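Asks: Here is a sequence with its predicted model. Questions after.
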Amino acid sequence: MADIDAESWAALLTPRLAQFTAVARHEHVTRAARELAVPQSTLSRAMVRLEDDLGIALFARRGRSVSLTPAGRTFLGSVEKALASVEQAAEAVRSDADPATGKVAFGFLHTLGSETVPGLIRAFRADHPRVRFSLVQNYGEAMLDRLRAGTLDLCLTSPVPDAPDLVARRLDEQRLRLVVPDDHRLARRKRVRLAEAADEQFITLEPGYGMRRIFDTLCAEAGFTPRVAFEGEEAETLRGLVAAGLGVALLPPPTVSRPGVVELAVTAPRAVREIGVAWLDGHPDTPPVAAFKKFLLSRRGQLLA
């Protein structure tokens, strides 16, 4: 019996498993060799070596005919399951790469989920009706981590990342608004300078969110350090806290108007967030991913329309 590390069994045995199942199925080395298009002598030696490596007789031999031993039947059952799993895995990745019916793993910000992303996918599927999507909503840094891990193909994020291992393209920008309770001292205004809210308590997203980095930068440009009363994970929840009179917030525009709040245009500093698409540099695209990437890039300046 060969002295083999447990970790190397798969690498050692895998090339011979299909040969083993062919011999077991035919119960004849010559017929199995004909099916596999290998010399009979090569196949015979491979089976002997397989038994030597395992230290177990898998076949009882009668000339060119063979039959499985009890150990061989046990081994065959597990080998067939393993090969079936490999077959299923191969079919799955081939299916995901199919130009017509393949899959795109697509990530996007929560604030783009209710209207922007459904509209994009609907427009894309007008020409690619059978392409499938695996959709992930998350904050920017988490999506970039998933790009790097290979579990996302593309993501819409903000700010547009600048990292050596990623490719990113700016697609659009979205004006941000100062959201105040409807009985707030600024509620009758249509426009406001951000510095006019310097003494307010702010409700904002948690650190790590792209919108939080934009908020901190804009406050610094306006000349003040914000007093943060509440931190959350979702823009509409923050709007609800504003409506409850617990503070003010700097947020992207809502999909549907929220009662109890007034949304003010910010005139200074220029309060926008850029939205872009990012992917892992050097990562080969399947045909459906390449098609959707091309589609997103064609929407530059119209992403939020």
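Replies: Alright, I've got the coordinates. Numbering: from 1, shown residues only.
Asks: Check which helix or strand residue 172 maps to.
Replies: Per DSSP states H and E, residue 172 falls inside strand 166-175.
Asks: Mind listing what's buried along the longest helix anywhere in the chain?
Replies: Counting residues, the longest helix found in the chain (DSSP state H) is helix 70-96. Using 16 or more other Cβ atoms under 10 Å as the burial criterion, the residues of helix 70-96 that qualify are 72, 75, 76, 79, 96. Where you see a C-beta, it was placed from the backbone N, CA and C, and this is true even at glycine.
Asks: my read: the last one touches residue 90, true?
Replies: It stands for residue 96. No - at 11.1 Å, residue 96 does not count as touching residue 90 under the criterion of Cβ atoms under 8 Å.
Asks: Which other helices and strands does the host helix or strand of residue 52 contact?
Replies: Mapping residue 52 onto the secondary structure by DSSP H and E places it in helix 40-54. Contacts defined by 3 or more Cβ pairs under 8 Å, 6 or more residues apart in numbering; DSSP states H and E place helix 40-54 against helix 9-26, helix 29-36.
Asks: let's go with 10 Å and repeat that
Replies: When contacts are defined as 3 or more Cβ pairs under 10 Å, 6 or more residues apart in numbering; DSSP states H and E, helix 40-54 sits against helix 9-26, helix 29-36, strand 59-62, helix 70-96.
Asks: Tell me the first helix or strand C-terminal of the strand holding residue 172.
Replies: Using DSSP H and E, the helix or strand that follows strand 166-175 in sequence is strand 177-181.
Asks: Could you tell me which residues make contact with residue 202?
Replies: Contact partners of residue 202, counting by Cβ atoms under 10 Å, 6 or more residues apart in numbering, are 178, 215, 219, 226-231, 238, 242, 247-250.
Asks: Among these, which one sits closest to residue 39?
Replies: For those, the closest approach to residue 39 (Cβ to Cβ) belongs to residue 231, at 70.3 Å.
Asks: List the strands paired with the strand holding residue 172, with their directions.
Replies: In its sheet, strand 166-175 lies beside strand 272-280 (antiparallel), with partners assigned from DSSP bridges.
Asks: what comes into contact with stretch 55-74?
Replies: Taking contacts as Cβ under 10 Å, 6+ apart, the residues outside stretch 55-74 that touch it are 1-2, 4, 20, 23-24, 26-33, 40, 44, 47-48, 50-51, 54, 75-76, 79.
Asks: Where does the prediction get shaky in the stretch 51-200 of the chain?
Replies: Judged by pLDDT under 70, the stretch 51-200 of the chain has no weakly predicted residues.
Asks: gap between stretch 140-153 and the chain center?
Replies: Stretch 140-153 sits 6 Å away from the centroid of its parent chain (Cα atoms, centre = their mean, to the nearest Å).
Asks: Oh, that last question was meant for stretch 79-89, not what I typed.
Replies: Computed by Cα atoms, centre = their mean, the separation of stretch 79-89 from the middle of its chain amounts to 26 Å.
Asks: contacting residues around it?
Replies: Around stretch 79-89, the neighbours that count as contacts under Cβ under 10 Å, 6+ apart are 10, 13, 14, 16, 17, 18, 20, 21, 24, 25, 72.
Asks: which of those residues has the most neighbours?
Replies: In terms of neighbours by other Cβ atoms under 10 Å, the contacts of stretch 79-89 top out with residue 20 at 25 neighbours.
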